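Engineer: Generate a structure from the sequence data that follows.
(one chain, ligands or ions: 2)
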Amino acid sequence: MGVEGYLPLFETEELKGRIAYRLYALSVLVCISLFLAYRVTHFPGKEEDGRWAWIGMFGAELWFSLYWMINQSARWKPVIRRTFKDRLSQKYENELPGVDIFVCTADPKIEPPAMVINTVLSVMAYDYPPEKLSVYLSDDGGSDLTFYALDLKIQGVFENPHHIGVHLKLYKDMENRVEIVTTQGEITEEMRKAHKGFLEWVLDSNPRDHQTILQILIDGRDHNFVDMEGKQLPTLVYMAREKRPNYHHNFKAGAMNALIRVSSQISNGEIILNVDCDMYSNNSESIRDALCFFMDEEKGNEIAFVQYPQVFNNNTKNDIYGSLIRIGIELELHGLDGYGGPLYVGTGCFHRREALCGRKYNKEYKRDWKRENTKKVKFNVKELEEKLKGLSSCTYEVKTGWGKEMGLVYGCPVEDVVTGLTIKCRGWRAIYFNPARRSFLGLAPTTLAQALLQHKRWCEGHFKIVFSKHYSLWQGHGRIKAGLQIGYCIYNMWGFNCIPTLCYIIIPSLCLLQGIVLFPSISSPWFIPLAYLVIAKYTYSLGEFLFCGGTLQGWWNDQRMWMFRRTSSYLFALIDLILQALGFSKSAFLITAKVTDTDVSQRYEKEIMEFGIPSPLFLILATLALLNLFSLVMMSFKSVVMNMKAGDLEALSMQMLLCGTVVALNLPVYQALFRRKDKGRIPSSITFKSVVLALSACIMSSY
Ligand SMILES: O=c1ccn([C@@H]2O[C@H](COP(=O)(O)OP(=O)(O)O[C@H]3O[C@H](CO)[C@@H](O)[C@H](O)[C@H]3O)[C@@H](O)[C@H]2O)c(=O)[nH]1
Ligand SMILES: [Mn+2]
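Structural biologist: Residues are numbered from 1 along each chain as shown. Ligands and ions are numbered 1, 2, ... in the order given. Predicted coordinates for the structure are as follows:
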């Protein structure tokens, strides 16, 4: 029996239809084996044509089969969570823990201050006792513009009680003032004098070289900080940690760790929520939902973090860049939850401070929520600010466990994933909570280049994980469930799809020109498993996508984006990785832009793909698209001119189908190459190079 009078604060339900799914998966597995058996038994001999092509195809198929199996882990046992917030209030309303909210921003040009402040205000407006809520803004841009915007808005809050929680648009006036300053790019003398905070920006400070700037703008302990209705306000702190050229700042992970330390001396909330500067809160109940997990008497103690889905408010209907990763958020993360917890994806995540700071979980651990928060700060604001600056200095972490055993883990462009796994390996579990109303909304990339570069960074991060001790199969061994170890591999191994996909897009089209047969012909019995695989897999994939709330066109776009990512982002990540290993380049964190030109955003609204710049990513995409187009055209031409026999054509039919599908997926590329006139088309230098490359490949292989 459990605790007396125990009422669970949340419940868990397994996703339905699992038996049917497992039967389907079994049938696919059988056909995969049959198809591989066909490959092995029909291999061309040493003297025959196409031996290399067959080796390439076989290698790719072996990988795809393995990757398909890895993917099953996320579909085997997905779970769905539900909370009981009324029970939470009944039982714990007076013992609610302190919650510290961290917002990270890094660059006032690509992350506009007005947006950052909107996010800050949205999290100040949570339905939660203000004296238990503290908001911290970390500004890696060290920007006086961001500070100015924050300060201005806060004055607005004092002057207008309805400000918090109301959408930014109503505050056009203030927004305009912020905008003017942002475009001017500097703070005037007059503004500088108006607030003591600006004194901290000394003349020669720049984003990469400055002292710590720490300002407690609202001190939650001080009951004079009330809005016009007399309602108390949450604590609000601005921090730009010290930056020096000789010290590596570890990007977002470094910022988060500095905030963990600084906040521990101000509010020391037991729960930490972190959001990116574009991820505003869209649901004032999210804290209470998350607490239902942490505070459940029986199951809550082992929970280290509660992750909400990362979704966007600027997605178009058919999500042309597949930014939503729909299957990931609506299905796969639920699947990982069933085995011990989702990935930590870096934003929209509630942490237990102790777990984030390196504590190990064991069965004896039991949080007593009735215990008072022991942090009673005696200093006044000014003293406190001065005292805490040292905590975010460059040298503070030297020879400490920060970045390894404590806080977010350093050294990886997907620091969040590594951190989440490390926490789980310390014995904790995590929860994925995906309520009907979206809890956080951010900005998805609005150009193809941005979308592909974001995936390049992620892929590079996951590659690094595989070659480090943080690979789930090593680090997780004996510490987390096998299902979860494999579940992590879905993402860790994203990049390995690159070469096999390139094989599958290049080899069949070139072989088509040479008349080399790669697949069983329609009349052969070996055709049956292949046909089953193609039909069953794609029908299922479409069904899954629709079930997850997508559209038919959205699914098609998603297929295209996965092809693009695998052949360009992942390839570049691989090349970069090799260059880094050889010492030719260094890892960087390219921040995703959150501002867009008007004509670019108009095209985005209309779901017209945005190329525009002569990126090498596009050269690859265009060349592959043309290669398949040329092969298909030349092949059709040849079959008419040379009057090919029906039997020969039949043997090549699967290759023609494959080529045809690639061509169909690439329609937006051909339009951008040859038909469009707007600025978002593919630049002519890329058009020229890709035509030359694709043509020469075709000509060379036809002879
Ligand atoms: O030196 C830096 C670099 C970035 N950031 C902040 O980190 C956040 C995420 O950066 P963004 O460029 O928007 O990343 P995304 O492409 O959206 O990246 C996703 O993937 C990242 C890992 O690659 C996670 O950290 C993010 O939470 C997740 O949203 C933003 O708020 C940035 O301001 C910093 O604070 N300091
Ligand atoms: Mn982002």
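Engineer: who touches the helix or strand containing Ile499?
Structural biologist: Ile499 is part of helix 498-514, with elements assigned from DSSP states H and E. For helix 498-514, contacts defined as Cβ atoms under 8 Å, 6 or more residues apart in numbering pick out 49-50, 53, 56-57, 59-61, 63-64, 517-518, 563, 566-567, 570-571, 573-574, 624, 627-628, 631-632, 634-635, 652, 655-656, 658-659, 662, 697-698, 701-702. Heads up, the C-betas are built off the backbone N, CA and C, glycines and all.
Engineer: Does the residue of the chain found nearest ligand 1 lie in a helix or a strand, and which?
Structural biologist: Here the chain gets closest to ligand 1 at one residue, Gly346, 2.5 Å apart by Cβ to the nearest ligand atom. Using DSSP H and E, Gly346 falls within no helix or strand.
Engineer: Surely it is in contact with Met256?
Structural biologist: No - using Cβ atoms under 8 Å, Gly346 is not in contact with Met256, being 9.2 Å away.
Engineer: list residues touching both of those two?
Structural biologist: Asn274.
Engineer: wouldn't Val254 be in contact with Gly407 here?
Structural biologist: Quick fix: residue 254 is Gly, not Val. No - counting by Cβ under 8 Å, Gly407 is not a contact partner of Gly254; they are 9.1 Å apart.
Engineer: Pull out the buried residues from the helix or strand following the helix holding Ile499.
Structural biologist: The helix or strand immediately downstream of helix 498-514 is helix 527-547, counting by DSSP H and E. By neighbour count with 16 or more other Cβ atoms under 10 Å, helix 527-547 contains the buried residues Phe527, Pro529, Leu530, Tyr532, Leu533, Leu542, Glu544, Phe545.
Engineer: Which of these sits closest to Tyr321?
Structural biologist: Phe545 (15.3 Å; Cβ to Cβ).
Engineer: returning to what we had before: what's around the residue of the chain closest to ligand 1, how many residues?
Structural biologist: By other Cβ atoms under 10 Å, the residues close to Gly346 number 23.
Engineer: In terms of helix, strand or coil, where does the nearest residue to it once chain neighbours are set aside fall?
Structural biologist: Using Cβ to Cβ, 6 or more residues apart in numbering and skipping residues adjacent in sequence, the residue nearest Gly346 is Asp416, 3.4 Å away. Put simply, Asp416 is helix when judged by DSSP: H, G, I helix; E, B strand; the rest coil.
Engineer: Surely Asp416 is in contact with Pro342?
Structural biologist: No - using Cβ under 8 Å as the test, Asp416 is too far from Pro342 to be in contact (11.2 Å).
Engineer: any weak-confidence spans in the chain?
Structural biologist: By pLDDT under 70, the low-scoring segments of the chain are 1-4, 157-175, 194-196, 202-204, 227-229, 371-378.
Engineer: for ligand 1, what are the nearby residues on it?
Structural biologist: Residues of the chain lying near ligand 1 by Cβ under 6 Å from any ligand atom: 104-106, 111, 140, 251-252, 255, 276-277, 310, 346-347, 413-414, 416, 454, 457-458, 461, 589, 591-592.
Engineer: I'd like to know which of those residues are buried.
Structural biologist: 104-106, 111, 140, 251-252, 255, 276-277, 310, 346-347, 413-414, 416, 454, 457-458, 461, 591-592.
Engineer: Take those and keep only those in helices.
Structural biologist: Using DSSP state H, Phe251, Lys252, Ala255, Asp416, Gln454, Arg457, Trp458, Gly461 are the members of those that sit in helices.
Engineer: hang on, the earlier thing: next up, the contacts around the residue of the chain closest to ligand 1.
Structural biologist: By Cβ under 8 Å, 6+ apart, the neighbours of Gly346 are Lys252, Asn274, Asp276, Gln310, Val414, Glu415, Asp416.
Engineer: Distance to ligand 2 added to those, as CSV?
Structural biologist: Formatted as CSV, those follow (distance: Cβ to the ion, whole Å):
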residue, distance to ligand 2
Lys252, 10
Asn274, 12
Asp276, 5
Gln310, 8
Val414, 13
Glu415, 14
Asp416, 11
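Engineer: Return the residues of the stretch 551-700 of the chain in contact with ligand 2.
Structural biologist: Residues of the stretch 551-700 of the chain lying close to ligand 2 by Cβ under 5 Å from the ion are Thr592.
Engineer: What is the neighbour count of the spatially closest residue to Gly612 that is not a sequence neighbour?
Structural biologist: The spatial neighbour of Gly612 that comes closest, neighbours along the chain excluded (Cβ to Cβ, 6+ apart), is Gly680 at 4.9 Å. Using other Cβ under 10 Å, Gly680 has 20 neighbouring residues.
Engineer: Within the helices and strands, which one has Gly680?
Structural biologist: Gly680 is part of no helix or strand, with elements assigned from DSSP H and E.
Engineer: Burial check on Gly59, number of neighbours?
Structural biologist: 13.
Engineer: Return the angle between stretch directions for whichever strand or helix holds it and helix 527-547.
Structural biologist: Gly59 is part of helix 51-76, with elements assigned from DSSP H and E. In terms of direction (axes from the mean of the first three to the mean of the last three Cα atoms, to 10 degrees), helix 51-76 departs from helix 527-547 by 40 degrees.
Engineer: and the angle for helix 51-76 with helix 498-514?
Structural biologist: Angle between the axes of helix 51-76 and helix 498-514 is 140 degrees (criterion: the same axes, to 10 degrees).
Engineer: what helices or strands is helix 51-76 leaning on?
Structural biologist: Contact here means 3 or more Cβ pairs under 8 Å, 6 or more residues apart in numbering; DSSP states H and E; on that basis helix 51-76 packs against helix 18-41, helix 333-337, helix 482-492, helix 498-514.
Engineer: let's see it at 10 Å
Structural biologist: helix 18-41, helix 326-327, helix 333-337, helix 482-492, helix 498-514, helix 527-547 (3 or more Cβ pairs under 10 Å, 6 or more residues apart in numbering; DSSP states H and E).
Engineer: so Asn313 touches Arg438, yeah?
Structural biologist: Yes - the criterion here is Cβ atoms under 10 Å, and Asn313 meets it with Arg438 at 8.3 Å.
Engineer: the more surrounded of the two?
Structural biologist: The residue with more neighbours, out of Asn313 and Arg438, is Arg438; 17 against 14, by other Cβ under 10 Å.
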